[in-house]
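Chemist: whatever this is, show me its structure:
(one chain, ligands or ions: 1)
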Amino acid sequence: MSLTTEIAVVGAGAAGLMAALEARQAGARVTVVDENQSPGGQLFKQLHKFFGSKAHRAGVRGFRIGEELLAESTGAGVDVLLNAVCWGLFAPALADGAGEGKNLALRRGAKSELLHFEKLILATGAQENALTFPGWTLPGVMGAGAAQTLMNIHRVVPGKRVLMVGAGNVGLIVSYQLLQAGAEVVAVIEGLPRIGGYGVHASKIRRAGVPILTRHTVLRA
Ligand SMILES: Cc1cc2nc3c(=O)[nH]c(=O)nc-3n(C[C@H](O)[C@H](O)[C@H](O)COP(=O)(O)OP(=O)(O)OC[C@H]3O[C@@H](n4cnc5c(N)ncnc54)[C@H](O)[C@@H]3O)c2cc1C
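Modeler: Residues are numbered from 1 along each chain as shown. Predicted structure coming up:
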């Protein structure tokens with residue numbers, strides 16, 4: 001089976017949905033594909049109220065922003081295909097030869113499909129910047145994003161006693177979420193001489209009795 005669109009967007013996170021909305025409002029036919037069953041990308045594991053500016057929806061919880069973006073996009077006429085893994089990009093001659101544009105190869109459940117498009121936007125997300133040290137690959141050592149996925153998507157507490165490395169907003173917010181999930185956060189450590197995240201997030205952690213140690217780093221696990 002093949003589908004046709006003018007602009008294909010891979011990734012239904014904040015970037016993909018905003019790009020799709022802009023393109024649709026400019027008059028293009030747009031199809032967004034995402035491998036997950038819910039749209040929103042990272043937003044769906046973010047239970048906290050967003051920081052940043054009002055123009056970027058500060059004060060709204062991340063998963064709500066995802067819902068808002070989806071409603072705005074589909075309301076404007078963007079097609080969103082979920083459970084659709086994009087695994088290849090082919091010129092017509094290499095695929096089934098149909099359609100004028102290029103083709104994205106999609107796997108949707110057990111089915112394989114082609115999406116013919118004219119322009120492509122890749123909004124497949126960013127990756128965490130992992131810190132490497134002796135023992136960083138041991139079980140139980142993970143990035144804050146992985147801990148958030150376990151807690152907020154799969155409802156699994158990633159550990160009983162946790163040391164958080166990094167006192168930026170992500171480290172502080174995920175520490176608070178770990179406390180809410182029932183883990184003990186023994187400390188947040190930070191290599192810089194000051195806390196990088198907002199005071200409001202640091203205060204919540206401290207009020208819960210978690211020390212934030214600046215000028216400290218991890219040597220081994
Ligand atoms: C703990 C934490 C807290 C944060 N807090 C804030 C905050 O308060 N304020 C703020 O502004 N930002 C915050 N951020 C950052 C913000 O969440 C991200 O910058 C944003 O969600 C990234 O959006 P994105 O669309 O670029 O990528 P993503 O949300 O990662 O979306 C990419 C999507 O593409 C899909 N995809 C990738 N490859 C394929 C493929 N081959 N086929 C189909 N689909 C594919 C992925 O599954 C995903 O759904 C936080 C991040 C973290 C980790």
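
Chemist: what sits closest to the spatially most central residue of the chain if chain neighbours are left out?
Modeler: Centroid check for the chain by C-alpha atoms, centre = their mean gives residue 42 as the closest residue, at 1.9 Å. Nearest residue to residue 42 in three dimensions, chain neighbours excluded: residue 13, at 5.9 Å (C-beta to C-beta, 6 or more residues apart in numbering). Any C-beta I mention is one placed from the backbone N, CA and C, and that applies to glycine too.

Chemist: surely that neighbour and residue 125 touch.
Modeler: Yes. Between residue 13 and residue 125 there is a contact under C-beta atoms under 8 Å: 5.6 Å.

Chemist: overlap in contacts of the two?
Modeler: 41, 42 (C-beta atoms under 8 Å, 6 or more residues apart in numbering).

Chemist: more neighbours: the two, which one.
Modeler: For residue 13 versus residue 125, the count of surrounding residues by other C-beta atoms under 10 Å is larger for residue 13: 22 against 13.

Chemist: now the more buried one: how far from the ligand?
Modeler: Distance, residue 13 to the ligand, by C-beta to the nearest ligand atom, to the nearest Å: 2 Å.

Chemist: how about the contacts made by that residue?
Modeler: By C-beta under 8 Å, 6+ apart, residue 13 lies in contact with 34, 39, 40, 41, 42, 43, 123, 125.

Chemist: give me the buried subset of the residues you listed.
Modeler: Neighbour counting by 16 or more other C-beta atoms under 10 Å classes 34, 39, 40, 41, 42, 43, 123 among the contacts of residue 13 as buried.

Chemist: nearest spatial neighbour of the first one, skipping sequence neighbours?
Modeler: When you say that, I think you mean residue 34. residue 12 (3.6 Å).

Chemist: how about low-confidence regions in the protein?
Modeler: 1-2, 92-101 (pLDDT under 70).
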